[in-house]
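Enquirer: quick one, what's the 3D model for this:
(chains A and B)
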2 protein chains.
Amino acid sequence: MEEAVKEIIRLGHGSGGRLTNELIHKTIKKYLTNDILDKFLDSAVLVMPDSKVVFTTDSYTVKPLFFPGGDIGKLAINGTVNDLVMLGAVPLYLSLGLIIEEGFLMGDFEKILQSIADAARLCNVKIVTGDTKVVDKGKGDGIYINTSGVGHLINDFAVDIAGICPGDKVLVNGYIGDHGAAIICARGIIEFESRVESDCAGLQSMVKELLEAGVKIKFMRDPTRGGLATVLTELGEHLPYSIVIEEEVIPVREEVKSICEFIGFDPLYLANEGKMVAVVAGSDTEKALEIMKRNPLGKEARIIGQIEKGRERKVLMKTVIGATRIVEMMLEDQLPRIC
Amino acid sequence: MEEAVKEIIRLGHGSGGRLTNELIHKTIKKYLTNDILDKFLDSAVLVMPDSKVVFTTDSYTVKPLFFPGGDIGKLAINGTVNDLVMLGAVPLYLSLGLIIEEGFLMGDFEKILQSIADAARLCNVKIVTGDTKVVDKGKGDGIYINTSGVGHLINDFAVDIAGICPGDKVLVNGYIGDHGAAIICARGIIEFESRVESDCAGLQSMVKELLEAGVKIKFMRDPTRGGLATVLTELGEHLPYSIVIEEEVIPVREEVKSICEFIGFDPLYLANEGKMVAVVAGSDTEKALEIMKRNPLGKEARIIGQIEKGRERKVLMKTVIGATRIVEMMLEDQLPRIC
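Expert: Residues are numbered from 1 along each chain as shown, chains lettered A, B, ... in the order given. Now for the predicted structure:
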């Protein structure tokens, strides 16, 4: 018995002609529709609440495209939303640039569009402009997605790393390394029974709550590629102080620890897709922690360290056995194509 | 004698770790630098002159990466600039998303960065935020580029296709099909002595001049993928009139005609990267033409047709031999990966 012929993406779907038109109107429009996008112009006209606009871009090349807890579509929305959010913005509008490999299954494409639509709704952003290109078979890897985003600033927030001083606290909103660990399992690098799910999520509501409550956040960043260690070492390079974190209090799931031990990875460098690291004024720490813990994405929020005088530009970690180790910047990723 | 080892892009350059940092600071920064980008944040904070923001995105997958008259970098700037310009915007800021294939020559990467820098300067836009991903060898085709752009509206311009009426004129700013023809030659599809150059250029100054002079433009679009025919057939679908163009007056270079005859292509469907098609109120036509002709990109501007009553939703072409032919929407591109 022959299998039914599955519909696939053809080169012509990226041609700008009738097939592109069909793909947009019959397929993409089923999932993505709003008053601005439906005008089908090459650009969108947006009315912003404020003349200050936050603008960001990210391309997503994650492998595999589908993994426990998400897929490339969900990632492409939440990742770019989080980049805006980390600058203190309310994300409003996203663009969607698709580079699809010829022969990609239409069914998989539609699953990804559904994820994009769901994530955009949850993050309260509109996809207002897009572009579809198709590349020859063997010149891509299923699908690559670029999303760019615009948003407006909450309370005129600005990152203020010059204001960071000893006594400020370092917070994270929950378990680190879940996304990286989920990708490791999804790639079949190891066989592991209890599969960890990616933490892929948009942080817009939590950050909005923190900023609207007046919490003095001096720095925040989502620890994606390169993980917590990379965010802290990069920040450390700009500080005349040291950042001291405590291994014991950094939240890491037991399964993630096991996965890391098994393959010799360090959870500090594993990617996260729904986490934030924040440096908060010491006096605001308790308020910040309380607000984070009230949010579904911050139940396991913790103070993991603080800014201290001396040994400038260094990130130090007090280990569980009582030693102090320097946290180094990673040379190459432990795991390429994580996002 | 051994050849010197050429520097290449490695997977680690997209890891988010030290190699990414090096690529940004030692290579990219040499070519792209401005007060906003140099903050090296994940997002840029822009101060817009107006609360109305025009936003667009495009991915570039052109093959080959280098062609007569340009390369993928020049294309990625001018193409996105033109998408903004066609909505009546002054382009201000661009994002730059790079997806590079492992093993890509660093020298070629730097050539592309130089083109990006040059084109951005000519178009008077700043690249304010970016992202670099590296995919495994064999999962890309050298480099793919996404640029998204934001701009602000000139004179509160809005496309007004509902206002299009019989007597309105259709204008183009010069020879059509040059980009498509240049790509055909660059791919070696045919051997052709007089190589045509791509028309790749940003249209921001010409459109600004037209709008500031108060020319009543009811519609404008850059005829890229699918060419002039695609822009007109798509517009035709939304009009209760017909669009009648005259083959004899459509400017096509002799070389481009020869190339098309040789391989059975139609210049009407060939891509352009520095052209605009505009529908202008009949009474403003002479003024529009004069302004276009004064601009270096509009020396060969022409009125190629007009809006007429009857035979609605159709694009008709009066041919040089006196017949009238229906211009159809193209099914698949004559040439994939043209931009």
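Enquirer: can you list the domains in chain A?
Expert: Using automatic domain parsing, the domains assigned to chain A come out as A:11-153, A:161-326.
Enquirer: which of these sits most buried?
Expert: Among the domains of chain A, domain A:11-153 has the highest mean neighbour count (mean count of other CB atoms under 10 Å in any protein chain shown), at a mean of 22. Using the backbone N, CA and C atoms, a C-beta is placed for each residue, glycine as well.
Enquirer: in JSON lines, list the domains of chain A along with mean pLDDT and distance to B:Ala181.
Expert: Shown next, in JSON lines, are the domains of chain A (pLDDT from 0 to 100; distance: least, CB to CB, whole Å):
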{"stretch": "domain A:11-153", "mean pLDDT": "95", "distance to B:Ala181": "17"}
{"stretch": "domain A:161-326", "mean pLDDT": "94", "distance to B:Ala181": "41"}
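Enquirer: which one of these lies closest to B:Cys185?
Expert: Of all those, domain A:11-153 sits nearest to B:Cys185, with 19.6 Å by CB to CB.
Enquirer: and the end-to-end length of the closest one?
Expert: Counting by CA to CA, to the nearest Å, you get 40 Å between the two ends of domain A:11-153.
Enquirer: how about the lengthiest strand in chain A as CSV, C-alpha atoms only?
Expert: Using DSSP state E, we find that the single longest strand of chain A is strand A:89-101. Extracted C-alpha coordinates of strand A:89-101, given in CSV (Å, rounded to 0.1, in the frame of the first residue of the first chain):
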residue,chain,number,x,y,z
ALA,A,89,9.9,47.3,27.3
VAL,A,90,6.4,46.1,26.7
PRO,A,91,6.7,44.1,23.5
LEU,A,92,4.1,45.1,21.0
TYR,A,93,4.8,44.1,17.5
LEU,A,94,6.9,41.4,15.8
SER,A,95,8.1,40.7,12.3
LEU,A,96,8.4,37.1,11.0
GLY,A,97,11.0,36.1,8.5
LEU,A,98,10.9,32.5,7.3
ILE,A,99,13.7,30.7,5.4
ILE,A,100,12.3,27.3,4.6
GLU,A,101,14.1,24.4,2.9
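Enquirer: okay, the angle between it and strand B:89-101?
Expert: 50 degrees (axes from the mean of the first three to the mean of the last three CA atoms, to 10 degrees).
Enquirer: is A:Tyr144 bridged to anything, and to what?
Expert: Here A:Tyr144 sits in beta bridges with A:Ile99, going by DSSP bridges.
Enquirer: over to A:Gly130?
Expert: Listed by DSSP bridges, the beta-bridge partners for A:Gly130 are A:Leu96.
Enquirer: wait, isn't it in contact with A:Asn34?
Expert: No: between A:Gly130 and A:Asn34 there is no contact under CB atoms under 8 Å: 11.7 Å.
Enquirer: before we move on, back to that, which is the next helix or strand following the longest strand of chain A?
Expert: Counting by DSSP states H and E, the next helix or strand C-terminal to strand A:89-101 is helix A:106-123.
Enquirer: do that next one and chain B come into contact?
Expert: No: judged by CB under 8 Å from any CB of the partner chain, helix A:106-123 makes no contact with chain B; its nearest approach is 14.0 Å.
Enquirer: which residues in chain A form strands?
Expert: Here chain A has its strands, by DSSP E, at A:43-47, A:52-60, A:66-67, A:70-71, A:89-101, A:126-135, A:143-153, A:169-172, A:217-221, A:242-246, A:277-280, A:302-308, A:315-318, A:324-326.
Enquirer: can you tell me which of the domains of chain A is nearest to B:Ile183?
Expert: When these are compared for distance to B:Ile183 using CB to CB, the nearest one is domain A:11-153, at 13.5 Å.
Enquirer: tell me the contacts of the closest residue to A:Val134 other than its chain neighbours?
Expert: The shortest distance from A:Val134 to any non-neighbouring residue, by CB to CB, 6 or more residues apart in numbering or on different chains, is to A:Gly14 (3.1 Å). Contact partners of A:Gly14, counting by CB atoms under 8 Å, 6 or more residues apart in numbering or on different chains, are A:20, A:100, A:132-135, B:61, B:333, B:336-337.
Enquirer: over to A:Asn82?
Expert: When the contact criterion is CB under 8 Å, 6+ apart, the partners of A:Asn82 are A:202-203, A:222, A:224, A:273-274, A:276.
Enquirer: distance to B:Ala117 for the domains of chain A - can I get that in TSV?
Expert: Formatted as TSV, the domains of chain A follow (distance: least, CB to CB, whole Å):
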stretch	distance to B:Ala117
domain A:11-153	17
domain A:161-326	25
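Enquirer: could I get the contacts of A:Gly14 as CSV with distance to A:Leu122?
Expert: Below are the contacts of A:Gly14 laid out as CSV (distance: CB to CB, whole Å):
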residue, distance to A:Leu122
A:Thr20, 29
A:Ile100, 24
A:Thr132, 24
A:Lys133, 27
A:Val134, 29
A:Val135, 30
B:Thr61, 30
B:Asp333, 36
B:Pro336, 35
B:Arg337, 35
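Enquirer: nearest to A:Asp108 among those residues?
Expert: Among the contacts of A:Gly14, and counting by CB to CB, the member closest to A:Asp108 is A:Ile100, at 10.0 Å.
Enquirer: you'd agree the closest one is up against A:Asp131?
Expert: No: A:Ile100 is beyond contact range of A:Asp131, at 11.2 Å (criterion: CB under 8 Å).
Enquirer: return the residues in contact with the residue nearest to A:Thr147 when sequence neighbours are not counted.
Expert: The shortest distance from A:Thr147 to any non-neighbouring residue, by CB to CB, 6+ apart, is to A:Thr80 (4.2 Å). Residues near A:Thr80 by CB under 8 Å, 6+ apart: A:56-58, A:91, A:94, A:147-149.
Enquirer: which residue ranges of the stretch 201-339 of chain A form helices?
Expert: A:204-212, A:227-236, A:254-263, A:285-294 (DSSP state H, counting those that start in this stretch).
Enquirer: so which of the ones you listed is nearest B:Arg294?
Expert: Closest among the helices of the stretch 201-339 of chain A, using CB to CB: helix A:204-212, at 48.2 Å.
Enquirer: list the contacts of that closest one.
Expert: A:81, A:85-86, A:88, A:90-91, A:123-124, A:154-155, A:157, A:173, A:217, A:220, A:276, A:278, A:288, A:291-292, A:294-295, A:297-298.
Enquirer: contact partners for A:Gly138?
Expert: Listed by CB under 8 Å, 6+ apart, the contact set of A:Gly138 reads A:101, B:138.
Enquirer: what's the answer for A:Arg225, then?
Expert: Listed by CB under 8 Å, 6+ apart, the contact set of A:Arg225 reads A:271, A:333, A:338-339, B:15-17, B:20.
Enquirer: ditto for A:Ile116
Expert: For A:Ile116, the contact set (CB under 8 Å, 6+ apart) comprises A:31-32, A:73-74, A:76-77, A:96, A:127.
Enquirer: and it, how far is that from A:Leu96?
Expert: Going from A:Ile116 to A:Leu96 by CB to CB, to the nearest Å gives 7 Å.
Enquirer: what residues are shared contacts of the two?
Expert: Applying CB under 8 Å, 6+ apart, one finds that A:Ile116 and A:Leu96 are jointly contacted by A:32, A:76, A:127.
Enquirer: verify the stated contact: the second one with A:Tyr144.
Expert: No: with the criterion set as CB under 8 Å, A:Ala76 and A:Tyr144 do not qualify as a contacting pair; they are 9.5 Å apart.
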